[in-house]
Each structure stands twice: as C-alpha cells, then as structure tokens.
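**Q** Could you look at this predicted model? Sequence included:
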Amino acid sequence: MPLTNCVIDPADPFAAVTHAAPYDYYRRLADGPALRFEASLDCWLATGAAGVRAVLAHPACHVRPPGQLVPHKLAGTPCGAIFAELVRMSEGERHAVPKQVLARALGQVDLARLHARTVHLAQEQPPGSAARLNDALFELPLFAVADLLGFAPAQWPALAAWTRDFVACLSPLSNGAQLAGAQGAAESLRQRFAALLLEADALPGSLLHDVVTGARQAGWQASGGVVANLVGLLSQTCDATAGLLGNAIVALRAQADLSTQLRSAPQRWPAMLREVSRHDPSIHNTRRYTADAVELHGVRVPAGQMIVVVLASAIHDAGGLAEPGFGHGHHVCPGQSIAHAIAAACLQAWSAALECLPLAWSYLPSLNARIPVFRPGEVT
Ligand code: HEM
C-alpha cells in the first residue's frame, strides 16, 4: 500500500492536537470508557461528552495539583505572581468572586460595536502573505481586546508582543529562552495595566472600567489580583482565538465556494464559526487534578491524580455541551461571544484577500491548542 495514503493515528491525545487528521482517533476515544488510566502517560483520560462533563463539573477536580498553586519553575517570578492570581488557575473563593466580576464585565461588551471596530481594524491590515497572516491571526484579536480594555492604539503592538511572549510560561514545551522572555513580558504587562488602572475612572464604557467597577462592588479589593486577571484576558484571548481564526481559514480552503457564499450573506459567519468551534476546535484538552479521591462514572480515581480532559473527543456527541472547546462547569470560558465576534469580523474583512493567497499549513507545536501556521502553497 502506498505510504502516502496512510494516515497514521496520533500516539496519544497530546499528539492529536497538532495531527493533520485527528478526528477519527477522537471518535474512537469517545466510543471507549469515559474514564480510563493511561499508563503510557501516567495519567487518567476523560473522554466523550460524559467523561468531559463528569470531570469538569466535579468540585474535587481542581485546575492545579494539590499544594502547588504555581508551577515550581515560575515560583517567585513575575510570571508566577500573575499565574497565582488568575481565575483560570484558582479554585473556591479565590475563583468565584473574580470569575463573577470578569464574566459580568465581558457579558456587558457591546458585541455589535466590537464587530464593527474589528472589521475596520482588520481591513486596515489585509493578510498579503502567509507570513503576514500568521502574525495577524494573533495580533487582530489581541488588538481588539486591548481596544475594548481602553488602551490607545499606539500601545497595542507592544501589548500583543508581550502577551505572545508571556503565554510561553503556560506551555510545558517552552525552552529556557522562551521562559526568560516570558518573565520580562510579564513585568511589562503588569506595569502597563497598573498604569491604565490609575486612569480607570476616566475610561467609562471600557472593559477595564467595567471590571474595576464590578470588583469594587463585589469587594474584590486585591489590586494585584485585578491587574493579573486583566493580563489574563489578553493571555486567554491569545492562542485560543488565533486557533479559531486559523482553523476557520482551513475550513474555508476545504469547501470551494463557501467563502463566496458567506461574502454574499455575511450574517452567516457566526454559524460558520460555530461549526468550526465544534468540528475543528482550537482548544483540544485541559487538565484537572483530584484534590480528594473521587468517583467518576463509577470509576474511583485516587487523590493527587492528573486527568487529561479530552475536550475534542466530545465534539461528535456533545451530549449537552454546547461547544466543548470552550469548556464546561465553573471554569467555562466567559469570552466565547467575544472570540466569535472578533473572528467573524476578521474573516469578513479578509475573505476576499484570503481567496487569492496560496496557502499550505501545519500546526504550531502545542500540547493543547490547535493553531495552524501557514506557508506559501496552493490557491484552492
Ligand atoms: C476561540 C477562543 C477561545 C477558546 C476556544 C477558549 C476556551 C477556553 C476554555 C476551554 C476555558 C476553560 C479551561 C478549563 O476549564 O480548564 C477557558 C477559560 C477562560 N477563558 Fe476562554 N477561550 C477563548 C477565548 C477567550 C477570550 C477572547 C477571553 C477573554 C476576552 C477568554 C477568557 C477566558 C477566561 C477568563 C477563562 C478562565 C475562566 C475560569 O477559569 O473560570 N477566553 N477558555
């Protein structure tokens, strides 16, 4: 059999994230037990809608290993100071109030205005080459969120560059140089946000103003915590929204005429993006750690175990999970509508230019985020 026709299955859920065609593998994982111990990875896997839901809804399945709020390699560093405060990395009281404040402020964003401003921004930066497109996938969403927060346009490029450097501290694949870069970026981001925070009262209508007002009302007073979580809004936007945009561009390549149809009916972009989020999501897995021994789907998992929650294996049988790639339960993503509005705006602005751009792609190295990296290739 010619080797070129064989698609070799990914070795495990981490390899699946950047595999060219992982979805048959994910479907088979979903058809197996909802919870299983995977000896080769020394961790548990939660798969299919039932496994994903059970773990993400369980109060004793935490986002950090017991007794280790911050990874050892970040302890006592600028990145560690931000990491320790992030809602994404916290549980209990330290999670509940900040999460409520952030979710409420994000829920107040005027999505129509965000969409219109992002279309305008994206039109000013058409992706004229594969290299430019790769940068724009990250920059446009970060510029749009920096704008929402209240930063002036002159500050956006530095904020976007620092955010991309900072998120390296969240990846187990980062090397020493990337970690060192992340520390400098964390400090710069902290300073920029602390400065903007002083002007919060002068920025009515901004996301920053709404977060600060909500924090005051909720009695969330730790200003270091507020700054860290404002940085967190940029870092949560970064890879995940670049992946959504990139995977949508891949989907447009796969279906001749889709781009033309959508250009004549731009109100259909949101539905197209929901399809992409469901069938080729940007976030494929997340992790939980058992704080106590737990019983999940009749399977007893001891305390102190790592569970890889394979979100992408829940996409065929969503079983009550609206879009598994945005999570579920108390850590569910509060930025979903914002991500969709930004991505829809960019695609609307770029679709004509993209059709003329010869593209091929592979995926950026990652254990959880599927982000295409484009290179010159074929026009489809
Ligand atoms: C396509 C884009 C996005 C995807 C796929 C995505 C996905 C996710 C997922 C899966 C989680 C939960 C992780 C877990 O439970 O372990 C999450 C959490 C979060 N996301 Fe998003 N996200 C996206 C965009 C955004 C944007 C644009 C924002 C803000 C502007 C945002 C803010 C957050 C925050 C603050 C959390 C932490 C929530 C918590 O821990 O309670 N996300 N996101």
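**A** Now that the structure is in, tell me what you want to look at. Numbers count the residues shown, from 1 in each chain.

**Q** Now do residue 117: how many residues are near it, please.
**A** Around residue 117 there are 18 other residues, counting by other Cβ atoms under 10 Å. C-betas here are computed from N, CA, C, even on glycine.

**Q** which residues touch the residue in the stretch 201-350 of the chain positioned nearest to the ligand?
**A** Nearest residue of the stretch 201-350 of the chain to the ligand, counting by Cβ to the nearest ligand atom: residue 335, 2.2 Å away. For residue 335, the contact set (Cβ atoms under 8 Å, 6 or more residues apart in numbering) comprises 106, 233, 236, 237.

**Q** show me the contacts for the first one.
**A** Residues in contact with residue 106, defined by Cβ under 8 Å, 6+ apart, are 207, 233, 334, 335, 337, 338.

**Q** What about those residues, which are in helices?
**A** 207, 233, 337, 338 (DSSP state H).

**Q** Which members of the contacts of residue 335 additionally contact the ligand?
**A** Restricting the contacts of residue 335 to those near the ligand by Cβ under 6 Å from any ligand atom leaves 106, 233, 236, 237.

**Q** element containing the third one?
**A** What that stands for is residue 236. helix 223-254 (DSSP states H and E).

**Q** mind exporting the next helix or strand after that helix as PDB, just the C-alpha atoms?
**A** Sequence-wise, the next helix or strand downstream of helix 223-254 (DSSP H and E) is helix 258-264. Only the C-alpha atoms of helix 258-264 are listed here, as PDB (Å, rounded to 0.1, in the frame of the first residue of the first chain):
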ATOM      1  CA  LEU A 258     -18.000  28.700   0.900                       C
ATOM      2  CA  SER A 259     -16.100  32.000   1.000                       C
ATOM      3  CA  THR A 260     -18.100  33.400  -1.900                       C
ATOM      4  CA  GLN A 261     -21.400  32.300  -0.300                       C
ATOM      5  CA  LEU A 262     -20.500  33.900   3.000                       C
ATOM      6  CA  ARG A 263     -19.500  37.100   1.400                       C
ATOM      7  CA  SER A 264     -22.900  37.400  -0.100                       C
END
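
**Q** which residues of the chain fall in strands?
**A** Secondary structure of the chain by DSSP state E: the strands cover 35-38, 43-46, 61-62, 286-290, 294-296, 299-301, 306-309, 359-363, 372-376.

**Q** just so I know, which of those strands lies nearest residue 265?
**A** strand 359-363 (23.6 Å; Cβ to Cβ).

**Q** quick one: whatever residue of the stretch 51-200 of the chain ends up closest to the ligand and residue 335, what's the gap?
**A** The ligand sits closest to residue 88 of the stretch 51-200 of the chain, with a gap of 3.8 Å, by Cβ to the nearest ligand atom. Remark: distance between residue 88 and residue 335 (Cβ to Cβ, to the nearest Å) = 11 Å.

**Q** what residues are shared contacts of those two?
**A** Common neighbours of residue 88 and residue 335 (Cβ under 8 Å, 6+ apart) are residue 236.

**Q** just to revisit the earlier point, going through the contacts of residue 106, which ones are buried?
**A** Buried by 16 or more other Cβ atoms under 10 Å: 207, 233, 334, 335, 338, out of these.

**Q** can I assume residue 250 is in contact with residue 361?
**A** Yes - contact criterion Cβ atoms under 8 Å: residue 250 and residue 361 qualify, at 6.5 Å.

**Q** Next, show the common contact partners of these two.
**A** residue 372.

**Q** what comes up buried for stretch 310-317?
**A** Those would be 310, 311, 312, 313, 314, 315, 316, for stretch 310-317 by 16+ other Cβ under 10 Å.

**Q** got the residues of the stretch 101-250 of the chain near the ligand?
**A** Checking the stretch 101-250 of the chain against the ligand by Cβ under 6 Å from any ligand atom, the hits are 102, 106, 145, 232, 233, 236, 237, 240, 241, 244.

**Q** Give the full set of residues in contact with the closest residue to the fifth one other than its chain neighbours.
**A** This means residue 233. Of all residues not flanking residue 233 in the chain, residue 145 sits nearest, at 6.1 Å (Cβ to Cβ, 6 or more residues apart in numbering). Under the criterion of Cβ under 8 Å, 6+ apart, the neighbours of residue 145 are 207, 233, 234, 237, 338, 342.
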